[in-house]
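**Student:** could you work out the structure for the sequence below:
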Amino acid sequence: MNDTTNDTEISCDTSYEMRYISLGTAVSAIGLALNTFLLYVLISRNIVRTYPFQTFLAFLDAMLCSLYIYCFFFAYIATMYRIEFLYTAVLDSNVVSLTMSKVVQAAIPYTILANSADKVLLVMIRDAKNARVQGCLDKFVRRSSNFLTCSREDQRSAFTVRVRVCVIILISSIVLRGNTLFTHRMGQSEDCDFFQSKWIEMDSEYREFWRAYEGFYNNYNTGIVFVMLLALHAVLLRELCRKTNRAKRSNQQQQESLISRMAADQERREQNRKLRYATRTAGWILGTYLACSAMNIALLYTETFYPEFVIDPDGNFNEYYVKACDLASTLVTLSSAVRIVLYYSFNPEIRHHIQSVIRRRKACKDGFNPSVTAV
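**Tutor:** From the prediction side, this is the model:
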């Protein structure tokens, strides 16, 4: 959901933008339904402790999709059918909606970054333990393994640490992007039709300072996070290849192992399998986010270094820039909508829980109580 504030004359014609929100609304509606269902699965199956980052990310995705529907679809309906109270309610709360959208969009990449870094650390720690690495890394492992391992006795500590990370991410996003609530306001033109007369503009008192801040945030913070995500994606792909090759070698060596070691080997292979699935899922989540956010990053730098592409000589937004913004917003919501598909495809545990919930709902619909089982 890109927004650009400028001092140029605002055009009253908004019909162009309305023609391009249908796809985004459809994607957002699907994303809202899927992420709400994913939240229900994670909470009802009591696996939030195992997947705190995924739960928080599902909540953020659902929020992003609902904000898109509220800001764009409801405004479109109000304008098309000329529903005055709906138009007034949506547009007058647009500053709050824009602020929430910026906070959510800031929190999503940080959450993906934390989840990916968590998987990289788990891989490093497990490799360090297997190789009996000494020195600084071994010291770090001894301090970190108490809350990063997935053993039953450490799950409570691991969950607490990851929840704290999620809280820090949320607070940081509010601090970084919450300024919009105080620096923007709704503008209105008496020369336009009522249903095309309102827009968001920056308060002139804060304009110069916050424009500089927005430029710094967009050009440096967003770029740095994007580069860090790319680096983590490369690391995850490398570790995934290593885990896959190691699993193949382990299967070959399994045939030559002694029977007395089969139980220990089986447990070790199961832990490595879960870590491999988690790493692969994180890699796909990270890859889809990077692919869908690439255009948004390109637009941010275009606004900074090529402003003539954003504003045409008449003072209105360039037609191709508007198209690119609509497509970028749709891609951002698309990356939120497809995450449950990635979980289902690459994470057997989450897939099992999703299938269990679906079977349970189907059984209840057919009149069978799955809680009553034969002894």
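**Student:** which stretches of this protein form strands?
**Tutor:** 184-188, 198-202 (DSSP state E).
**Student:** so what secondary structure elements neighbour the first one?
**Tutor:** If I follow you right, that is strand 184-188. With contacts defined as 3 or more Cβ pairs under 8 Å, 6 or more residues apart in numbering; DSSP states H and E, strand 184-188 has these neighbours: helix 94-131, strand 198-202. Every residue, glycine included, has its C-beta placed from N, CA and C.
**Student:** what packs against the first one?
**Tutor:** Meaning helix 94-131. On a contact count with 3+ Cβ pairs under 8 Å, 6+ apart, helix 94-131 meets helix 52-68, helix 136-148, helix 155-177, helix 180-183, strand 184-188, strand 198-202, helix 222-254, helix 262-305.
**Student:** distance of Thr183 from Ile311?
**Tutor:** Taking Cβ to Cβ, to the nearest Å as the measure, Thr183 and Ile311 are separated by 21 Å.
**Student:** ditto for Phe195
**Tutor:** Distance, Phe195 to Ile311, by Cβ to Cβ: 24 Å.
**Student:** try Val104
**Tutor:** When distance is defined by Cβ to Cβ, Val104 is 27 Å away from Ile311.
**Student:** give me the more crowded residue out of those two.
**Tutor:** Using other Cβ atoms under 10 Å as the criterion, Val104 and Ile311 rank with Val104 on top: 23 against 17.
**Student:** so who does the spatially most central residue of the chain touch?
**Tutor:** With distances taken as Cα atoms, centre = their mean, Ile108 lies nearest the centre of the chain, 3.8 Å away. Counting by Cβ atoms under 8 Å, 6 or more residues apart in numbering, Ile108 touches Leu57, Leu60, Asp61, Leu64, Tyr289, Ser336.
**Student:** sort those by pLDDT and name the bottom one.
**Tutor:** The lowest pLDDT within the contacts of Ile108 belongs to Tyr289, with 85.
**Student:** what about the stretch 251-375 of the chain, any weak spots by pLDDT?
**Tutor:** Within the stretch 251-375 of the chain, the stretches with pLDDT under 70 are 251-275, 279, 315-316, 367-375.
**Student:** the same query, at a cut-off of 50, please.
**Tutor:** 254-260, 371-375 (pLDDT under 50).
**Student:** do the stretch 101-250 of the chain as well
**Tutor:** Checking the stretch 101-250 of the chain against pLDDT under 50 turns up 132-151, 153.
**Student:** circling back: including distance to Phe37, could the helices and strands packed on strand 184-188 go into JSON lines?
**Tutor:** Listed next are the helices and strands packed on strand 184-188 as JSON lines, based on distance: least, Cβ to Cβ, whole Å:
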{"stretch": "helix 94-131", "distance to Phe37": "19"}
{"stretch": "strand 198-202", "distance to Phe37": "32"}
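**Student:** quick one, which of these is packed in tightest?
**Tutor:** helix 94-131 (a mean of 20; mean count of other Cβ atoms under 10 Å).
**Student:** so how far is that one from its chain's centroid?
**Tutor:** 9 Å (Cα atoms, centre = their mean, to the nearest Å).
**Student:** now it against strand 198-202, angle please.
**Tutor:** For helix 94-131 against strand 198-202, the angle by axes from the mean of the first three to the mean of the last three Cα atoms, to 10 degrees is 60 degrees.
**Student:** let me see the contact set for Pro348.
**Tutor:** Counted by Cβ under 8 Å, 6+ apart, Pro348 has contacts Tyr277.
**Student:** quick one: it from Ser97, how far?
**Tutor:** From Pro348 to Ser97 the distance is 38 Å (Cβ to Cβ).
**Student:** ok, back up a step: I'd like the distance between the residue nearest to the centre of the chain and Thr333.
**Tutor:** 11 Å.
**Student:** so for Ser173, which of the helices and strands packed on strand 184-188 sits nearest?
**Tutor:** helix 94-131 (4.0 Å; Cβ to Cβ).
**Student:** count of neighbours near the closest residue to Ser335 other than its chain neighbours?
**Tutor:** Counting by Cβ to Cβ, 6 or more residues apart in numbering, Ser335 lies nearest to Cys292, which is 3.6 Å off, once chain neighbours are set aside. For Cys292, the count of nearby residues is 19 (other Cβ under 10 Å).
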